[in-house]
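Participant: Got a sequence here, can you model it:
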Amino acid sequence: MRNLAKALAATAAVATLAFAGTASAAVNLITNGGFVGPNPNGSFVTVGVSSGVIPGWDVLEGNVDWIQGYWPGSDGDGHSIDLNGTTQGKIGQSIVTEIGKYYTIKFDMNANPDFGTGTRVAIIGANGDLGNRTFEATSPTAGPWSPRQISFVADSTSTQITFASGTNTNCCFGAAIDNVSVAVPEPGTWALMIMGFGGAGAMLRRRRLVAA
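Facilitator: As a prediction, the model looks like this:
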């Protein structure tokens, strides 16, 4: 019985590892989550309500600053978005989703360093506001990026993912976002787990037959 327990534990561990490996390879449903564009030139471009100026993204309200090297991006390429341009802004992108499935929005957050210390707020949405995420700027420099995430259940086959500024400075200096992803574990994840535990069940049945 002790050997059987060890075998079951080992099989479960293999299934868990397989699950983790497959989950980490889940497909990112977001296009251009790093806000890549022209080669960084050490500056930024203020983008008003538009479609496709920032590849993959629409500016839905106000305007945003498309950072192009003005400070380092979270992925090191110099691109990110300040959700406050000359006013509070909102950007979005529609993705294909499956009704009833869970999805997780992940992104990195920072603050425009020019305004100094204080709280920056990003309002995240998926066909409507999901909630706020904040970043506390503690020095007037672009410090380390901080990961944030929020999950939702899809209620439509098309979901608009949005990021809006919740920072009211009467102008600029908002929350900065980069490295956006939306993912759900691939179907193969569950298949691997079922195979793993199915193997464990087969071992148990064989053990019982031998014992009989």
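Participant: Test my guess that A183 contacts V27.
Facilitator: Yes - A183 is within contact range of V27, at 6.5 Å (criterion: Cβ atoms under 8 Å). For glycine as for every other residue, the C-beta is placed from the backbone atoms N, C-alpha and C.
Participant: who has more neighbours, the two?
Facilitator: Between A183 and V27, counting by other Cβ atoms under 10 Å, A183 is the more crowded of the two (17 against 11).
Participant: So which bits of stretch 165-177 are buried?
Facilitator: By 16 or more other Cβ atoms under 10 Å, the buried positions in stretch 165-177 come out as S165, G166, T167, C172, F173, G174, A175, A176, I177.
Participant: Let's see which of the residues you listed end up in strands.
Facilitator: S165, A175, A176, I177 (DSSP state E).
Participant: Mind putting those residues into a markdown table with distance to G92 and pLDDT?
Facilitator: Formatted as a markdown table, those follow (distance: Cβ to Cβ, whole Å; pLDDT from 0 to 100):
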| residue | distance to G92 | pLDDT |
| --- | --- | --- |
| S165 | 13 | 95 |
| A175 | 15 | 94 |
| A176 | 17 | 95 |
| I177 | 12 | 96 |
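Participant: Show me where the chain has its helices.
Facilitator: 2-24, 187-211 (DSSP state H).
Participant: so where's the chain uncertain?
Facilitator: For the chain, applying pLDDT under 70 flags the ranges 1-25, 139-142, 185-212.
Participant: can I see the domain layout of it?
Facilitator: As given by automatic domain parsing, the domain ranges for the chain are 2-21+189-211, 28-184.
Participant: Quickly compare the ones you listed and say which is most buried.
Facilitator: Here the criterion is mean neighbour count by mean count of other Cβ atoms under 10 Å, and of the domains of the chain the winner is domain 28-184, at a mean of 18.
Participant: so how far does that domain reach from one end to the other?
Facilitator: 8 Å (Cα to Cα, to the nearest Å).
Participant: Distance from that domain to the middle of the chain?
Facilitator: Relative to its parent chain, domain 28-184 has a centroid offset of 10 Å by Cα atoms, centre = their mean, to the nearest Å.
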